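Undergrad: Structure for this input, please:
(2 chains)
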Amino acid sequence: MTPQLLIAAALCLPLLVAVGVALFGKVPTLREGVTIAGAVALFAVVIQLTLLVAGGARPELYIGETVPGLAIAFKLEPLGALFAVVASGLWIVNSFYSIGYMRGNRERNQTRFYICFALALCGAMGVAMAGNLFTLFIFYEVLTLSTYPLVAHRGDAAAQRGARIYLLTLLGTSIGFFLMAIIWTWVVAGQRLDFIEGGLLADAGLSPFVSSALLVLFVFGVGKAALMPFHFWLPSAMVAPTPVSALLHAVAVVKAGVFTIMKISVYVFGVDLLQATPARDVLLGVAGFTIIAASLIALTQDNLKSRLAYSTIAQLAYVTLGALLAVEAGALGGSLQIAAHAAAKITLFMCAGAIYVATGLTTVSSMQGLGRKMPLVFTAFFIASLSIIGLPPFGGMWPKYELLQGAADIGNGWIPAVLILSALLNIAYLLPVAILALMPLPGTPPAKEFKRPGGAPALTVAAPLFTAALCVVLFFAAGPIGDFLRPAFAAGSAPGLEEFR
Amino acid sequence: MILETVLVSAPDWAVRHAAVLIVVVPMLLAPLLALSPSNRLAWVLTIAGTAAAFWFSLILLAIIQEVPGSAISYALGNWPPPIGIEFRIDALNAMILVLITGMGMLASIFAWPTLAAEFRGERLNLFLCAFLLCFAGLAGVAATGDAFNLFVFLEVSSLATYVLVAMGAGKDRRALPAAFDYLIMGTLGASFYVIGVGLIYAATGTLNMADIAAQLPALSGNRSVQAGLAFIIVGLGLKAAMWPLHQWLPNAYAFAPGFVAMFLSATATKVALYALIRWLFTIFQPELAFEAALLKWVLAPLAMAAMLICSVQAIFQSDVRRMLAYSSVAQVGYILLGISVGTAAGVSAGLLHLFNHSLMKGALFMAVAGICLAYQARTIRDFAGLGRSAPFTMAAFGIAGLSLIGVPLTAGFISKMQLGYALLDQGWWWAVAVLVFASFLAVFYIGRILQAVFFEPPLNPRKNNKEAPLLLLIPLWILALANIFYGIDASFPAGLAADGAAAALALGAPQ
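TA: Modelled structure (predicted):
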């Protein structure tokens, strides 16, 4: 297949899945078969595209212009390929997991669930492959709108309230700030919105005030990156069924947000302009604050899913931090964090879901001693926790290493302190969950009986084990991934960095 | 492509007289309808009349587009202007004519099922006669090149509109006070307009628009000319529902028969806005010092007030049609904001939004009319669960609603983007902030109803699921698909708007 066809296939396959799921809605086995087959096919297509990108090609697909300067166009580069691989690959795992979870939980409206899931993946693919800000914005909104029914899935008052906060925060920030920044960029860049190596705005001659205002609008406008104070939608979204929290609110949606920020910093601002923008230092501070504050809040949460949600907020800020460092090591660290955190956090969420299906428990305090009954689930949870903390030999180590490197490159003193403190906080809020479950304190009452006869469905246990294994694989794959990504940052980076490497 | 085919295939008489036939044909058909022995025949004739007008408008547009920047001048009764009445078509009003005749044609198609259900056994031919008169009046306002003649056509359409709104009394008596309010306000507006024209006539001695425009530069400090423009803006502002002169609109739209609300929302305010553009840019020039101040310090703040205040008011409405009506006032604010920028880009963005708003509000009101018909639903609570009961109608409603919010890949996004560009181009970033915030408010009021329609269970389980009638679904989906198509390939409406703005600002027009 030609590169154009491959990109078109990557965008259309999720849509076809949505249609197929709608057609076979009455036959659950067939319906879920369509999802799995579509996910596998999508992953195959994305891998093919990634191999092309690794070979130095930049596959493009040009659809057309709505009005001059606002084109719908796609162009895949290493960052986008990484995001696409992560999202589509984990979709396969998550689809198996969803089958176990949704059936085990006897959820209603499963057809709508699978349709919206496929549409959300279409949005994620579009974000990953967008060739300009306009296209990216379109699919960013597709992702928002298609996930709204998923958050509201349960349909009761709490779910509706959570979903409304979710939708309004994301739409509000995207229309209020992101769109405004896009229009502004369109004007100052001369009616262009393309992603350009070295930065679209690099030669626009912006004053520090304008570039600062734009950067602030972009960083807060991408509400999916969950930078404080626009983070509260993420805990609200936890009313969704756990597969949604796992794939969308640990991987596709939030990673689309930080990926967008990464892409804007590299391809719209460019390294030099970003370093010359005064607001960058303030925003670095906001990211650092988010890391610490969200970790502290996570410490206080007894509900496992909201603890994980706050942990996600903190971990996402790592990527924003890396993007804003505007040096190669920072961008590399942020990108690695996209992959490493995805594998670890999806594991944690899938474990939480497996526990819920088997026992109906949602709070950390009630899970003490549960590890004896569900050893595999809590082992996976333990491994993923270690990866989040950043210990070797797990994938989560490399991003932190690169971020420290990046902070050193710009001579920043406080970022290393934040990273170290954050790691300690991670230990404090994540490790006790697994440890107390596997090795309860003496005198803890024995864990509750399973609500569901037979415990967690096999699929909901196998999936997190698989992704926990991925955390280990990512530790050893960091080198090749770094080599794959480096061309994206090479163009326009400050001189001297190459020799430093 | 299509336009060329229309022009080539049109007979000679149609090409030569299209400028006047577009008004004359529906106007002469109207009395025939009053005599029609059968309701159904009257309906067929109404469609024929509006379709003929649409055809003439396409011919006019094709002629205009053959030579960029050209204009058609048609001397009525062969009296040469400025003595006689001139019909003058350029790129600006050709666009408006295509829009209103097209929307009129779609409205007349779905008139039958709604009217037949709302007025069982009554004489619909009289109703359709009033509709056709209103239609002819609006077309006349858009086509004429004579300031006083514009007033006459404005009154023709307004008088017919009062009747049409009052006809809603069969279902809800509140239509009568609504129509009376509209009558009073509309008459005030018309009087203000005619006073303004009188003042300008006293200073220039002519009623022909082109002639007035030629004489004005010599009279730039003339107080009576300035007062005249002020009167005209207030008069047309009343007709266009410019905030705070919009008080008649919510009730008129809410209590008129569904089909009337759809037709008025898509055309009536648009024509008044067209006349406003004509006066502000073709007849007067923004270069005049007082007009530049007027645009920036009067029109722009009023436009932004409309966008914010009426969007908030729309959020708190429980009646769906009143909500859409308040949203209409807010959208008129968007259009006025584009106009008040005063540049070609601004007017073009305003015109594009005028065009797109017609498409989306037309579709929304049409869907609501269909739902009223099938379920007697009026409030948002009544609309709960309709997404399952009437999926086709509500899907079209949803598309148009997203377009109203300005979601990418819908027509509404394109025009808001253009508007934002025009504003930033002049450094009005605070206006962009208002634009963006008002769009966010639209998320609330449209989101509220979409939430009820698609995610909430109905209050009382419905026994039988009905769609809107087929004759309504077809024009509804034409509009809904147009909202998407013109959001993906906006070259046609954007081109029309750019040409129209150029014609309004007389850029590149032959002197």
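Undergrad: Pull stretch B:29-41 out as PDB, backbone CA atoms only.
TA: Extracted C-alpha coordinates of stretch B:29-41, given in PDB (Å, rounded to 0.1, in the frame of the first residue of the first chain):
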ATOM      1  CA  LEU B  29     -48.900  34.700  -8.000                       C
ATOM      2  CA  ALA B  30     -50.000  35.800  -4.500                       C
ATOM      3  CA  PRO B  31     -53.500  37.200  -5.500                       C
ATOM      4  CA  LEU B  32     -54.000  34.100  -7.700                       C
ATOM      5  CA  LEU B  33     -53.500  32.000  -4.600                       C
ATOM      6  CA  ALA B  34     -56.200  33.900  -2.800                       C
ATOM      7  CA  LEU B  35     -58.600  32.800  -5.600                       C
ATOM      8  CA  SER B  36     -57.400  29.300  -5.700                       C
ATOM      9  CA  PRO B  37     -60.200  26.800  -5.200                       C
ATOM     10  CA  SER B  38     -58.100  24.200  -3.600                       C
ATOM     11  CA  ASN B  39     -55.500  24.300  -0.800                       C
ATOM     12  CA  ARG B  40     -53.300  21.700  -2.500                       C
ATOM     13  CA  LEU B  41     -53.300  23.700  -5.800                       C
END
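Undergrad: Pull out the buried residues from that stretch.
TA: Neighbour-count burial for stretch B:29-41 flags B:Leu29, B:Ala30, B:Leu33, B:Ser36, B:Asn39 (criterion: 16 or more other C-beta atoms under 10 Å in any protein chain shown). The way it works is simple: take the backbone N, C-alpha and C, and place the C-beta from them, glycine included.
Undergrad: the strands in the chain, which residues?
TA: I went with chain A, as the question did not name one. A:60-67, A:70-75 (DSSP state E).
Undergrad: not what I meant, chain B
TA: B:72-75, B:86-89.
Undergrad: So for chain A, which of those sits nearest?
TA: Closest approach to chain A among the strands of chain B (C-beta to the nearest C-beta): strand B:86-89, 25.3 Å.
Undergrad: where does the stretch 301-450 of chain B have low pLDDT?
TA: Along the stretch 301-450 of chain B, no part satisfies pLDDT under 70.
Undergrad: swap that for the stretch 401-501 of chain A, please
TA: Using pLDDT under 70, the stretch 401-501 of chain A drops low at A:490-501.
Undergrad: Find the closest residue to chain B in it.
TA: A:Ala488 (25.6 Å).
Undergrad: which one of the strands of chain A has the most crowded surroundings?
TA: The highest mean neighbour count among these, using mean count of other C-beta atoms under 10 Å in any protein chain shown, belongs to strand A:70-75: a mean of 21.
Undergrad: and residue 385, what does it touch?
TA: Went with chain A since none was named. A:Ala344, A:Leu348, A:Asn426, A:Leu430, A:Leu431, A:Val433, A:Ala434 (C-beta atoms under 8 Å, 6 or more residues apart in numbering or on different chains).
Undergrad: wrong chain, I was asking about chain B
TA: Here B:Gly385 is in contact with B:Ala452, B:Val453, B:Glu456, B:Pro457, B:Pro458, B:Leu459, B:Arg462 (C-beta under 8 Å, 6+ apart).
Undergrad: Export the strands of chain B as CSV, with columns for mean neighbour count and mean pLDDT.
TA: Formatted as CSV, these follow (neighbours: other C-beta atoms under 10 Å in any protein chain shown; pLDDT from 0 to 100):
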stretch, mean neighbour count, mean pLDDT
strand B:72-75, 18, 85
strand B:86-89, 24, 88
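Undergrad: Let me have those in a markdown table, extended by distance to chain A.
TA: A markdown table is the format used below for these (distance: least, C-beta to the nearest C-beta, whole Å):
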| stretch | distance to chain A |
| --- | --- |
| strand B:72-75 | 28 |
| strand B:86-89 | 25 |
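Undergrad: Need these in JSON lines (columns: distance to B:Cys129).
TA: Below are the strands of chain B laid out as JSON lines (distance: least, C-beta to C-beta, whole Å):
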{"stretch": "strand B:72-75", "distance to B:Cys129": "26"}
{"stretch": "strand B:86-89", "distance to B:Cys129": "24"}
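Undergrad: Run through the stretch 151-300 of chain B and note the low-pLDDT ranges.
TA: Judged by pLDDT under 70, the stretches of the stretch 151-300 of chain B that qualify are B:288-289.
Undergrad: Pick out the residue in it sitting closest to chain A.
TA: B:Ala300 (17.9 Å).
Undergrad: Would you check that A:Val251 makes contact with A:Leu90?
TA: Yes - with contact defined as C-beta atoms under 8 Å, A:Val251 counts as touching A:Leu90 (5.4 Å).
Undergrad: tell me, what's touching the two both at once?
TA: A:Ala342, A:Ile346.
Undergrad: ok, for A:Val286, nearest residue in space, not its chain neighbours?
TA: Distances taken as C-beta to C-beta, 6 or more residues apart in numbering or on different chains place A:Leu227 nearest to A:Val286, at 6.2 Å, with adjacent residues excluded.
Undergrad: Which single residue in the stretch 101-250 of chain B comes nearest to chain A?
TA: Among all residues of the stretch 101-250 of chain B, B:Gly102 sits closest to chain A, at 21.1 Å; criterion: C-beta to the nearest C-beta.
Undergrad: Make sure that residue is actually in contact with B:Ser57.
TA: Yes - applying C-beta under 8 Å, one finds B:Gly102 in contact with B:Ser57, separated by 7.5 Å.
Undergrad: more neighbours, those two?
TA: B:Ser57 (30 against 24; other C-beta atoms under 10 Å in any protein chain shown).
Undergrad: right, and that one touches B:Asn93 too?
TA: No - taking contacts as C-beta under 8 Å, B:Ser57 lies outside contact range of B:Asn93: 9.6 Å.
Undergrad: Need the overlap of contacts for the two.
TA: In contact with both B:Ser57 and B:Asn93: no residue, using C-beta under 8 Å, 6+ apart.
Undergrad: circling back: among the buried residues of stretch B:29-41, name the ones in helices.
TA: B:Leu29, B:Ala30, B:Leu33, B:Asn39 (DSSP state H).
Undergrad: on that earlier part again, now a PyMOL select for only the buried ones of the contacts of B:Gly385.
TA: If you want just the buried ones from the contacts of B:Gly385 in PyMOL, going by 16+ other C-beta under 10 Å, the selection is:
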select buried, chain B and resi 452+453+456+458
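Undergrad: which two in the contacts of B:Gly385 are spaced the farthest apart?
TA: Using C-beta to C-beta, the pair of the contacts of B:Gly385 lying farthest apart is B:Ala452 and B:Arg462, separated by 14.2 Å.
Undergrad: How far off centre is stretch B:42-59?
TA: Centroid separation for stretch B:42-59 versus its chain: 18 Å, with C-alpha atoms, centre = their mean, to the nearest Å.
Undergrad: And that stretch, what's buried?
TA: B:42-43, B:45-47, B:49-59.
Undergrad: sorry, back to before: wait, what's in contact with the nearest residue to the residue of the stretch 151-300 of chain B closest to chain A once chain neighbours are set aside?
TA: Nearest non-adjacent residue to B:Ala300, counting by C-beta to C-beta, 6+ apart: B:Ser340, 4.0 Å away. Shown in contact with B:Ser340 (C-beta under 8 Å, 6+ apart): B:Leu295, B:Lys296, B:Leu299, B:Ala300, B:Ala303, B:Gly346.
Undergrad: just the residues you listed now: which is nearest A:Met262?
TA: Distances from A:Met262 to the contacts of B:Ser340, taken by C-beta to C-beta, are shortest for B:Gly346, at 35.6 Å.
Undergrad: neighbours of the closest residue in space to the closest one that isn't next to it in sequence, just the number please.
TA: Leaving out its chain neighbours, the residue that sits closest to B:Gly346 by C-beta to C-beta, 6+ apart is B:Ala422, at 4.1 Å. A count of nearby residues for B:Ala422, using other C-beta under 10 Å, gives 26.
Undergrad: Now do the contacts for B:Ala422.
TA: By C-beta under 8 Å, 6+ apart, the contact set of B:Ala422 is B:Gly338, B:Val341, B:Thr343, B:Ala345, B:Gly346, B:Ser348, B:Ala349.
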